[in-house]
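J.: Sequence and predicted structure are below.
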Amino acid sequence: MKELSIKETQDISLEILKIVTDICEQENFKYALVYGTLIGAIRHHDYIPWDDDVDIMMPRPDYEKFLKYFKQHSIDYPYLRMFNRQECKDYPYMITRISDDRYVIKMQNEKPFGMGVFIDIYPYDGLGKTKKEAIKYGLKGDRLSSLCYQSTREHFSMETTTSLFRKIIKYPVYLFAKIVGKDFFQNRLEKLANLKKYDECEYVGCVIWLSWGEKDIFPRKWFDKTIKMPFGKYEFNVPEYYDKVLRHGYGDYMQLPPEKDRTGHHYFKVYKK
């Protein structure tokens, strides 16, 4: 099999993104670029050159409608496959990925489950009417998703952990998570999701993958309206308050990171079948 460059992988992901967002436009499902993809759109009008994936958000009601639509119309997208807990029992996450089956990804420290080049779709749930309520609720999801992630690793690894305290507790946490198993944590996360209605909350975030704590909790109004922004050869929706969203999570996002940090944050190789 031929290994793909990061640019080739980005080009494939871009076409997946176009198909997904075309569905959203056609069916009036809300979505917006987020995380590194949003930084790319604002700072580069394209991918961050070293970025290795695509991230979008959907409010939970639109996310559920999108999943139903995509499943019902899967015949219209013969190369694309939806990965989530419902569609693949070995899938280790709670967010959904749309994958191109003409390619295969070999992950480091993760059992293969048939995924190709993909984009991430994060469902944003309501987290609460006050920031205090949102943080308390969101951190429950943060702990559960961290344990779920550790339970699906093939072997122990420090990966990106930097704090001394986290380094000390990480191995015992890893052992606990492996003993309990991913199904327990996924069941807990499933119960946690959608408990608070998106449209009734002042604060929102992806409670099933809230990995940055308070930085992953946002006022809902920041996502209520979107505007178009160039990204590569297409245009996509970004939050109207994109500057507030990005400064909340990244600080001065227009400043390039040190050269040593200009690497992708996933650990995989991509091959064409």
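T.: Sure, I can see it.

J.: Buried residues of the host helix or strand of residue 26, list them for me.
T.: Secondary structure assignment for residue 26, by DSSP states H and E: helix 6-27. By 16 or more other CB atoms under 10 Å, the buried positions in helix 6-27 come out as 9-10, 12-17, 19-21, 23-24. Where you see a C-beta, it was placed from the backbone N, CA and C, and this is true even at glycine.

J.: Check which helices and strands that helix is in contact with.
T.: Judged by 3 or more CB pairs under 8 Å, 6 or more residues apart in numbering; DSSP states H and E, the packing partners of helix 6-27 are strand 55-59, helix 60-72, strand 96-100, strand 117-128, strand 234-239.

J.: Report the angle between it and strand 117-128.
T.: Inter-element angle recorded for helix 6-27 and strand 117-128: 50 degrees (by axes from the mean of the first three to the mean of the last three CA atoms, to 10 degrees).

J.: Adjacent strands (with direction) for the very next helix or strand once past helix 6-27?
T.: As assigned by DSSP H and E, the chain's next helix or strand after helix 6-27 is strand 32-33. Partners of strand 32-33 in the sheet, by DSSP bridges, are strand 55-59 (antiparallel).

J.: tell me how far the strand it pairs with is from the chain's mean position?
T.: Counting by CA atoms, centre = their mean, to the nearest Å, strand 55-59 is centred 8 Å from the centre of its parent chain.

J.: Could you tell me the average pLDDT over it, please?
T.: Across strand 55-59, pLDDT averages out at 98.

J.: can you pull out the strands in the chain?
T.: In the chain, the strands defined using DSSP state E lie at 2-3, 32-33, 55-59, 80-83, 96-100, 103-107, 117-128, 203-205, 218-219, 226-231, 234-239, 268-272.

J.: packing partners for the longest one?
T.: Put plainly, it is strand 117-128. helix 6-27, strand 55-59, helix 60-72, strand 96-100, strand 103-107, helix 131-151, strand 203-205.

J.: Comparing these, which comes out most buried?
T.: Counting by mean count of other CB atoms under 10 Å, strand 203-205 has the highest mean neighbour count of those, with a mean of 26.

J.: Give the partner strands of it in its sheet and their orientations.
T.: Paired neighbours of strand 203-205 in the sheet (DSSP bridges): strand 117-128 (antiparallel), strand 218-219 (antiparallel).

J.: To residue 79, which of these lies closest?
T.: Among these, the nearest to residue 79 by CB to CB is strand 117-128 (10.2 Å).

J.: got the angle for that closest one vs strand 96-100?
T.: Counting by the same axes, to 10 degrees, strand 117-128 lies at 170 degrees to strand 96-100.

J.: State the mean pLDDT of strand 117-128.
T.: pLDDT averaged over strand 117-128 gives 98.

J.: Excluding sequence neighbours, find me the nearest residue to residue 167.
T.: Closest residue to residue 167 apart from its sequence neighbours, by CB to CB, 6 or more residues apart in numbering: residue 161 at 5.6 Å.

J.: thought the one you found was touching residue 170?
T.: Yes - the pair residue 161 and residue 170 qualifies as a contact (CB atoms under 8 Å) at a distance of 5.8 Å.

J.: So which of those two has more stuff around it?
T.: Just comparing residue 161 and residue 170: by other CB atoms under 10 Å the higher neighbour count belongs to residue 170, 18 against 12.

J.: is it true that that one touches residue 158?
T.: Yes - counting by CB under 8 Å, residue 170 touches residue 158, with 6.7 Å between them.

J.: of the buried residues of helix 6-27, closest to residue 189?
T.: For these, the nearest to residue 189 is residue 20 (22.7 Å; CB to CB).

J.: can you put the helices and strands packed on strand 117-128 in a markdown table and add distance to residue 240?
T.: Formatted as a markdown table, the helices and strands packed on strand 117-128 follow (distance: least, CB to CB, whole Å):
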| stretch | distance to residue 240 |
| --- | --- |
| helix 6-27 | 17 |
| strand 55-59 | 14 |
| helix 60-72 | 17 |
| strand 96-100 | 24 |
| strand 103-107 | 34 |
| helix 131-151 | 21 |
| strand 203-205 | 15 |
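
J.: closest to residue 181 out of the ones you listed?
T.: Short answer: helix 131-151, nearest of the helices and strands packed on strand 117-128 by CB to CB, at 5.8 Å.
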